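Undergrad: build the 3D model from these lines:
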Amino acid sequence: MREGRTYACPYCGLPQDRVLTSEHDWVLLEPGVDVLAHLVPAEHRWIVLSDGRVTVYGVCPPVASQRCRIEHRLTCAAQPLPDLWPWLTAMRGENARRARRADGEPDPGPGRGPRRGPGGLPDVGFPDAG
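TA: Numbers count the residues shown, from 1 in each chain. I've put the predicted structure just below:
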C-alpha cells in the first residue's frame, strides 16, 4: 500500500483515502469530506498539516473556522458504531444507500431507510422544540 492512494473499504466497498499521520502511521479517511471541526468529536478530528500528514486535533473548543477530516470507519454503514453525532448517523445512512446503489440494489425508498420525523425529514434525534 502506498501513500496518496484510494482503497476500497473491506466492509462496504466504498473508497477511503490512506493518509500518513504525524506519528508515521496510516489512517483511512473519508474521501472528499472536509468539515468544521466543532461538528466532530474531539478525538476524531484529523487536521491536515502543511506537509500533507494528518494529526488528531483534540482542542476543545476548536477555532471556529478550523476544518478537519474524519476516518471512513465513522461513516461506514457496514461497521457498528455508537451514535456520536446525529449528522454522522445521517451520513452513515446515506453511505449505506450509496453502497446498495453501487451494488445494483434498488433504493429502499421512504419508510425503509433512516427514521423519519414530521414532514418526511430524517429524524436526527432532537426533541421537538414546539
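Undergrad: what's the residue nearest the centre of the chain in contact with, if anything?
TA: Centrality entry for the chain: nearest residue to the mean C-alpha point is residue 75, 3.5 Å, by CA atoms, centre = their mean. Contact analysis of residue 75 by CB atoms under 8 Å, 6 or more residues apart in numbering lists 30, 33, 88, 91, 92, 95. In short, each C-beta sits where N, CA and C put it, glycine included.
Undergrad: ok, the first one to residue 70 distance?
TA: Note on residue 30: its distance to residue 70, by CB to CB, to the nearest Å, is 5 Å.
Undergrad: quick one: which of these two has more around it?
TA: For residue 30 versus residue 70, neighbours defined as other CB atoms under 10 Å are more numerous around residue 30 (23 against 20).
Undergrad: tell me how far the more buried one lies from residue 98.
TA: As defined by CB to CB, residue 30 lies at a distance of 12 Å from residue 98.
Undergrad: ditto for residue 24
TA: Per CB to CB, residue 24 is found 32 Å from residue 98.
Undergrad: which one's more surrounded, the two?
TA: Using other CB under 10 Å as the criterion, residue 24 and residue 98 rank with residue 98 on top: 15 against 7.
Undergrad: distance between the helix or strand of the chain with the lowest mean pLDDT and the chain's centre?
TA: Counting by mean pLDDT, DSSP states H and E, the weakest-scoring helix or strand in the chain turns out to be helix 86-102, with a mean of 85. Helix 86-102 sits 9 Å away from the centroid of its parent chain (CA atoms, centre = their mean, to the nearest Å).
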